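> The amino acid sequence is not available; the structure is as follows:
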């Protein structure tokens, strides 16, 4: 009984993992928001119910009745919450279409719900209920591992077809670990269900340990996409006419192309106390010493304590002949441009750009005025830069401009604010004698805002979250005693907008170049403001408190091992005195061919173990229990051999077997021995007549 309960528990865990992990893969691949903890808890509860039904309700009619009742209850819940479910389903589908519209002629956005949802927890919980019921029926009830495996793989297909983004590896690896474990225990499940739980658990543990070891030895960040995959994708695109992102067009498509690790929004609701990690991100080499700001992303829209990038509708009005990453002034008035070389630790999704680029490199892909996509995943690139500093801004403004095309009108979208926020900022400005001079002398307005914001609080990473219901800019300027770069930048951007100056929130890295070099770590992640001046373009403004110091690092700092990117969106800079060099950790690495050989050998070893266990439990079923049960087990085995070899079972043996299976009479010791002694003879006879492919299938896959 204990072994039977262990098998039921093992199946229940497998059902939970197979119903939750595909959803988590989908959510990570398409950047769908959900509460993972709620989903997991719901899946566990569903699994308990379905496992109990499979374990204790043996009658098929009663089982079907119970499942019907569960389906009816789920339907009632759906009826009462249909608006929410529809909205979340709409949101989920649009996230998929948003990414696929990059490649196919499909809508990037559809609407069939009464309102717009911003997460899909409820929809995924309902989907988890459906998957729980299916997997529980397949694994525990009818014990069909093949169908369960095909269903799991089918659920993952949208995450891999055409798109360049990949789901999180943890749930993905869990799915394949569970499927392999179920496969290795499939024959035992048919012969002796009570022992299948042990086999499943042992196989899962072995596979999990192997995957963990391989992940530690070869981090995901070191993975390089094989060139043949890119070549194949290019060939398919050429043959089918599919399109890829070329550096212009919709923001959502561009973000989808570079991957879900580039954040499209910054949420201040959870911006509380921060800790530092000191992970190396990049090395900057510059022909000029001094402070350098490396821009990653610019955010346009502010609402509900969140900054988000331009919408697709706003981007449609972006003048394509304007580049916000270079100056609008005539660069021939300056001396020869300086060089800045970036050498990143990981393959990043964005190009980190200093102020100001002399021109846009041919292999760079600007996305409107939001960011520059690193489409080639280059880890080393050199830019020609006209260095900017606050001291020479007045020199810039006296030089003849080259024109801003229609961008002056477009920049007005960087003035929008919620009415309550704007009113609060104007009241604060009036109390502190900050005047709106944006129409006459924008520099005075900017200087006044910077001075006020930078002295409004002390710099500290140990800053509390914004109270519920408060606007973070209003709270920071009125009540907060401390803040870090995010708070100062946000307050300055919002106040500038309220005073009529187009401004936006910017993230990236800030470092001091000394002797032509700077080691940039995650502690250097920073946030600042850009305000728009028609004479020059976007001008950086750092309103962080004067007691902030830029962290300095040395070559001995520990390097990052993140996958794809080290986005600075929510990791602000830390104080210099808290930054300590960390000894570089050296890890042993195994070559890719060696890893492949290890995996192949492990699979072979597990398959051999599986065959041994199948034969052990078969022999056990042939030699234990009463004679009648033994003969029935032998008959099943002989039937399987007969089906695959098309060799008929002798009449004498079949009569004894059918007597055991269908008659109420007992089987004698002599009859049992006749059947048992014939098993090996019949096996050798049938296996010998099979074609080589079927023979290998029967021996290796079926364990016959």
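Nice, thanks for sending it over. Bear in mind the structure is a predicted one, so any value in this text is a computation, not a measurement.
> so where's the stretch 251-400 of the chain uncertain?
Applying pLDDT under 70 to the stretch 251-400 of the chain flags the ranges 253, 256-261, 320-321, 327-336, 389-400.
> Phi and psi next, for residue 434.
Backbone torsions of residue 434, given as degrees, to the nearest 10, read phi -100, psi 120.
> Tell me where the stretch 451-600 of the chain has strands.
458-459, 482-483, 503-513, 517-521, 525-533, 537-541 (DSSP state E, counting those that start in this stretch).
> right, and the ones you listed - which one's nearest residue 80?
Closest approach to residue 80 among the strands of the stretch 451-600 of the chain (CB to CB): strand 503-513, 40.2 Å. In this view, the C-beta of every residue, glycine as well, is placed from N, C-alpha and C.
> Give me the sheet partners of that closest one and which way each runs.
strand 290-299 (antiparallel), strand 525-533 (antiparallel) (DSSP bridges).
> which other helices and strands contact the longest helix along the chain?
In the chain, with assignment by DSSP state H, the single longest helix is helix 592-623. Using 3 or more CB pairs under 8 Å, 6 or more residues apart in numbering; DSSP states H and E as the contact test, the elements touching helix 592-623 are helix 169-184, helix 186-191, helix 193-217, helix 627-645.
> and the ones you listed as JSON lines, adding mean neighbour count?
Output for these, formatted as JSON lines (neighbours: other CB atoms under 10 Å):
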{"stretch": "helix 169-184", "mean neighbour count": "20"}
{"stretch": "helix 186-191", "mean neighbour count": "21"}
{"stretch": "helix 193-217", "mean neighbour count": "18"}
{"stretch": "helix 627-645", "mean neighbour count": "18"}
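> In CSV, list those helices along with mean pLDDT and distance to residue 20.
Output for these, formatted as CSV (pLDDT from 0 to 100; distance: least, CB to CB, whole Å):
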stretch, mean pLDDT, distance to residue 20
helix 169-184, 82, 7
helix 186-191, 67, 22
helix 193-217, 70, 15
helix 627-645, 86, 35
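> Which stretch among those approaches residue 371 most closely?
helix 169-184 (25.2 Å).
> Not counting that closest one itself, show me its contacts.
14, 17-18, 20-22, 24-25, 28, 139, 145, 148-149, 152, 156, 166, 199-201, 203-204, 207-208, 211, 215, 220, 563, 606-607, 609-610 (CB atoms under 8 Å, 6 or more residues apart in numbering).
> Next, format the helices and strands packed on helix 592-623 as a markdown table and append distance to residue 97.
Output for those, formatted as a markdown table (distance: least, CB to CB, whole Å):
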| stretch | distance to residue 97 |
| --- | --- |
| helix 169-184 | 22 |
| helix 186-191 | 37 |
| helix 193-217 | 33 |
| helix 627-645 | 46 |
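> Those: which one's closest to residue 385?
helix 169-184 (37.0 Å).
> now the angle from the closest one to helix 592-623?
Counting by axes from the mean of the first three to the mean of the last three CA atoms, to 10 degrees, helix 169-184 lies at 40 degrees to helix 592-623.
> Give me the distance from helix 169-184 to the chain's centre.
Chain-centre distance of helix 169-184: 18 Å, with CA atoms, centre = their mean, to the nearest Å.
> quick one on the thing from earlier: so which of the helices and strands packed on helix 592-623 comes closest to residue 264?
helix 169-184 (22.1 Å).
> coming back round to it: let me know which of the strands of the stretch 451-600 of the chain is the nearest to residue 418.
strand 503-513 (14.7 Å).
> and the strands paired with strand 503-513, which is most packed in?
strand 525-533 (a mean of 26; mean count of other CB atoms under 10 Å).
> so where's the stretch 451-600 of the chain uncertain?
For the stretch 451-600 of the chain, the ranges with pLDDT under 70 are 555-598.
> What ranges does it have for its helices?
472-478, 485-498, 592-623 (DSSP state H, counting those that start in this stretch).
> and the residue nearest to residue 498 when sequence neighbours are not counted, backbone torsions?
Nearest residue to residue 498, sequence neighbours excluded (CB to CB, 6 or more residues apart in numbering): residue 425, at 3.5 Å. Here the main-chain torsion angles of residue 425 (degrees, to the nearest 10) amount to phi -70, psi -40.
> Do you know the pLDDT at residue 425?
On pLDDT, residue 425 comes in at 94.
> Look at it and say how many residues are nearby.
24 (other CB atoms under 10 Å).
> Likewise for residue 649?
18.
> Double-check it against residue 637; I have them as touching.
No: assessed by CB atoms under 8 Å, residue 649 is found out of contact with residue 637, at 10.7 Å.
> Quick one: residues contacting residue 128.
Residue 128 touches 19-20, 23, 39, 42-43, 46, counting by CB under 8 Å, 6+ apart.
> And the furthest pair within those?
Within the contacts of residue 128 (distances taken as CB to CB), the two that end up farthest apart are 23 and 46, at 12.7 Å.
> quick one on the thing from earlier: what residues sit buried inside the longest helix of the chain?
Using 16 or more other CB atoms under 10 Å as the test for burial, helix 592-623 gives 606, 610-611, 613-614, 617-618, 621-622.
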